[in-house]
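**Q** Have a look at this fold, sequence not included:
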């Protein structure tokens, strides 16, 4: 199962709302908030599913930017 | 394998740590002792993002953006995200692992490496002896490492003695080279990616950066988001791409009319008093391209532009005069910086060189070059088109270190380093890429080696040349079966990306190192090794020895000893034989010598520095001092940099770049600004040339029989011919097949809707594709991507020489077609 790390950049002033929405998405875990955005992890059964979750995050209202920074697919690659 | 929970939790910790650090949170880096991370450059586009590649059990299992990278700052795009998967298409079963030789019945049989290489060397040597050196050819790629491209150049131009050395960069950026040479007398840009972060006006022309250079576009967004009131983004493009939708102003011009548009912007800049008279001291004016034409002054140039007022060109371009004036005002506003970026929309055009020059004109007139946030920055499409081809000399007319083949002094310099008699080298170019395949078709070229590229899908009018490849003795080195391997006589299975080491050079004069991190699948071999092996065998058969110089690693102008060998010599180097260094490093060090003292000075780019510095080295970098990572700006002195930047260098986590031109300083060229390129005319010495270029249309504009324009290009999910990305399930599922973008007005007129099938016919071929009705297109123009090997849109594109740019780049953006519901 692939695991990814990403940063979500909310519209200034809307951080709480974006964080609340992120917590409601299956497969997303909020790790905390920093000066450059909200750190999250994403988990899915396949890379395709991970991408679908990413798209949901990216399309959330008040999300300015979504940046992928890490991907691990070791069980998928070894299939 | 299914991960156990503890391993999974641990990986999640790694993902969380990477995300927290990127978000600006304090986090303790978790270490995964079972996964080794190494640094590499992304395998895809010309941006050159730096990535950290995780290897476990001998396989690539993870990727993360390198937070230290001055290019992507730790971020990844969709294709970068897919990097681990490109190596294991079909679970690894689709990788080529055995040399294949075509039988007389068209089937392929497996062969040993020795048999395949001997067959290649024997056939090439036989043709060379019987028909001369120009009967064989090399067709390489902007995806070869610089060492691979250098080795091939040395084999073909040095040992064999033919100028039949071309590559796919001819199809993507030759016009940009022509533009820089015509304007500055030297190829490649004056600025760098850092200018994006300081630009007030960002002018994007003929480029869908948001999808094709997403990490650079991210920097555009960052800049605009930080200064929304100050920064203006202008996009000139006949399509409403995601890039255009983001723009403050979209100039949606009619296909083929952008020469009018750019002359009109120059007109407004002069008309409304936005010329920088001070900067014009470093410029001169001429009519036309090259050394012909007449010398002009600003008054003459102003007179020339009178035909191009926005009001006069509005009708032909389809852009409102007010929008053209606004674009020019934003570009030329005093006290604000301006940066232009473009790609294939300008380069792959009949007027490609002229269009490039017109962009440079705007910067030179306004003095928006050589300052913070100012540059005329041509973006490249491939990860090493700049390094392996433009700088290394991987085309018929050039030699390593920005040298010209026709220049006897240059040939002597190269022959000396290569250790061959200068008389063995060709003294004249043969012909550019498409011409090379035309000569293959006519039987003048009898054997060709195609390496890391897929011309049977990417050449214009590609079916014609696929058949020529099938008839000739064609060698194809690649990692997956594709349209070119299927017409090859011999297929060689190659190692890819982090299965081999090498240096690659990108857009902003940057060279980066990619480490070898995993072994290739058994049977696949690095292209560098393949070239060296074939070189040894051909040299033996021709009886041509090379005087190979064993060089000091840090200071390779120091020759320690000379040995006579058959072949290129890199594997014969005693330090390579003893395992002290790799043959690729030996080749790189020899190449560094050929860049020394040239504008493209990479002498200071030692392996030690390339390995240590994320984001690599930017030439000119004459100094081997460890911290010195080269020059971020060209053509300006240290004093000038201090004046406009308030400092003379920029520091990174490791090392620094200077904000001035180290080559200019080393050579003692007078400043503060000096366009020192090798101009052909004395009157243009040390100056940039503003060119008066009458607007022209593309070669093949629509007519009564073929009333539509076909525009081709890439999509976000796939790269080039899809050889790698179509092997990634995610990308294949996201975008499985080619389609045709049709504007709603045309769809109504043609009676088609989404999913219907449209027949597209050009004078060269036809194709039927599913329709996507979208306002991305414009009335009278359709767009088709070229990644799909089952729907070859390049069967329709135009290949006749009259349609090429002055740099012999084909026109993939404007060709006439007719369309009908299928």
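**A** Looks like it arrived, so ask away. This one's a predicted model, so the numbers in the text were calculated from it and none came from an experiment. Numbers count the residues shown, from 1 in each chain, chains lettered A, B, ... in the order given.

**Q** so residue B:632 touches residue B:662, yeah?
**A** No: the pair residue B:632 / residue B:662 is not scored as a contact, 10.1 Å apart, by CB atoms under 8 Å. (C-beta placed from N, C-alpha, C; glycine too.)

**Q** Between the two, point out the one with more neighbours.
**A** residue B:632 (26 against 23; other CB atoms under 10 Å in any protein chain shown).

**Q** Chain neighbours aside, what residue packs nearest to that one?
**A** Spatially, and ignoring its direct neighbours in sequence, residue B:632 is nearest to residue B:657 (4.3 Å; CB to CB, 6 or more residues apart in numbering or on different chains).

**Q** doesn't residue B:631 make contact with the one you found?
**A** Yes: judged on CB under 8 Å, residue B:657 makes contact with residue B:631 at a distance of 6.4 Å.

**Q** Model confidence for residue B:683, exactly?
**A** The per-residue pLDDT reported for residue B:683 equals 84.

**Q** what number of residues lie near it?
**A** 11.

**Q** where does chain A dip in pLDDT?
**A** A:77-79 (pLDDT under 70).

**Q** Counting residues, which helix of it comes out longest?
**A** In chain A, ranked by residue count with DSSP state H as the criterion, the top helix is helix A:47-58.

**Q** how far out from the middle of the chain is that one?
**A** Between the centre of helix A:47-58 and the centre of its chain there are 8 Å (CA atoms, centre = their mean, to the nearest Å).

**Q** residues of it that come out buried?
**A** Buried residues in helix A:47-58, defined by neighbour count with 16 or more other CB atoms under 10 Å in any protein chain shown: A:47, A:49, A:50, A:51, A:53, A:54, A:56, A:57.

**Q** which among the residues you listed are in contact with chain B?
**A** Of the residues in the buried residues of helix A:47-58, proximity to chain B by CB under 8 Å from any CB of the partner chain holds for A:47, A:51.

**Q** of all the buried residues of helix A:47-58, which comes closest to residue B:347?
**A** residue A:51 (31.4 Å; CB to CB).

**Q** What separation do you get for that closest one and residue B:750?
**A** According to CB to CB, to the nearest Å, residue A:51 and residue B:750 sit 34 Å apart.

**Q** Ok, residue B:313 next?
**A** For residue B:313, the distance to residue B:750 - CB to CB - is 30 Å.

**Q** Residue B:198 too?
**A** Distance, residue B:198 to residue B:750, using CB to CB: 47 Å.

**Q** Can you identify each of the helices in chain A by residue range?
**A** A:15-23, A:47-58, A:74-77.

**Q** same thing with the stretch 151-300 of chain B?
**A** B:174-184, B:209-212, B:214-226, B:242-246, B:258-271, B:298-304 (DSSP state H, counting those that start in this stretch).

**Q** For residue B:657 and residue B:631, indicate the residue with more neighbours.
**A** residue B:631 (29 against 25).

**Q** what's the nearest residue to the more buried one if we skip its chain neighbours?
**A** Excluding its sequence neighbours, the residue lying closest to residue B:631 (CB to CB, 6+ apart) is residue B:662, at 4.8 Å.

**Q** The one you found against residue B:620, yeah?
**A** Yes: here residue B:662 reaches residue B:620: they are 5.0 Å apart, a contact under CB under 8 Å.

**Q** Now list whatever residues contact both of the two.
**A** Overlap between the contact sets of residue B:662 and residue B:620, as judged by CB atoms under 8 Å, 6 or more residues apart in numbering or on different chains, is given by B:601, B:630, B:631.

**Q** Just those: which are in helices?
**A** The members of the shared contacts of residue B:662 and residue B:620 all map outside helices under DSSP H.

**Q** with those residues in mind, which one is nearest to chain A?
**A** residue B:630 (26.9 Å; CB to the nearest CB).

**Q** thinking the closest one is in contact with residue B:660, fair?
**A** No: using CB under 8 Å, residue B:630 makes no contact with residue B:660, being 11.1 Å away.

**Q** Residue B:526 and chain A, how far apart?
**A** Between residue B:526 and chain A the computed distance is 21 Å (CB to the nearest CB, to the nearest Å).

**Q** my guess is that residue meets residue B:496, correct?
**A** No: in this structure, residue B:526 is not within contact of residue B:496 by CB under 8 Å, at 9.1 Å.

**Q** Need the overlap of contacts for these two.
**A** With CB under 8 Å, 6+ apart as the test, residue B:526 and residue B:496 both reach residue B:520.

**Q** got a list of what the nearest residue to residue B:678 once chain neighbours are set aside touches?
**A** Spatial nearest neighbour of residue B:678, excluding adjacent residues (CB to CB, 6+ apart): residue B:185 at 5.2 Å. Taking CB under 8 Å, 6+ apart as the contact definition, residue B:185 lies against B:675, B:676, B:677, B:678, B:679, B:680, B:684, B:689.

**Q** for the third one, what are its contacts?
**A** It stands for residue B:677. Residue B:677 makes contact with B:181, B:184, B:185, B:186, B:599 under the criterion CB under 8 Å, 6+ apart.

**Q** Likewise for the last one?
**A** When contacts are counted by CB under 8 Å, 6+ apart, residue B:689 touches B:182, B:183, B:184, B:185, B:283, B:284, B:285, B:286, B:679.

**Q** what pLDDT does the fifth one get?
**A** What it means is residue B:283. Residue B:283 is given a pLDDT of 97.

**Q** Kindly report the same for the first one.
**A** At residue B:182 the predicted local confidence, pLDDT, stands at 97.

**Q** same question, residue B:239
**A** 97.

**Q** now swap in residue B:5 and tell me
**A** We have a pLDDT of 56 for residue B:5.

**Q** Can you get me the start-to-end distance on stretch B:803-814?
**A** 10 Å (CA to CA, to the nearest Å).

**Q** how far does it sit from the chain's center?
**A** 16 Å.

**Q** Give me the mean pLDDT for that stretch.
**A** Per-residue scores along stretch B:803-814 average to 98.

**Q** Also stretch B:480-494?
**A** On average, stretch B:480-494 scores 98.

**Q** for stretch B:227-234, same thing?
**A** Rounded mean pLDDT across stretch B:227-234 is 96.

**Q** Who are the contact partners of residue B:326?
**A** Shown in contact with residue B:326 (CB under 8 Å, 6+ apart): residue B:249.

**Q** Residue B:184 now?
**A** B:190, B:360, B:635, B:675, B:677, B:688, B:689.
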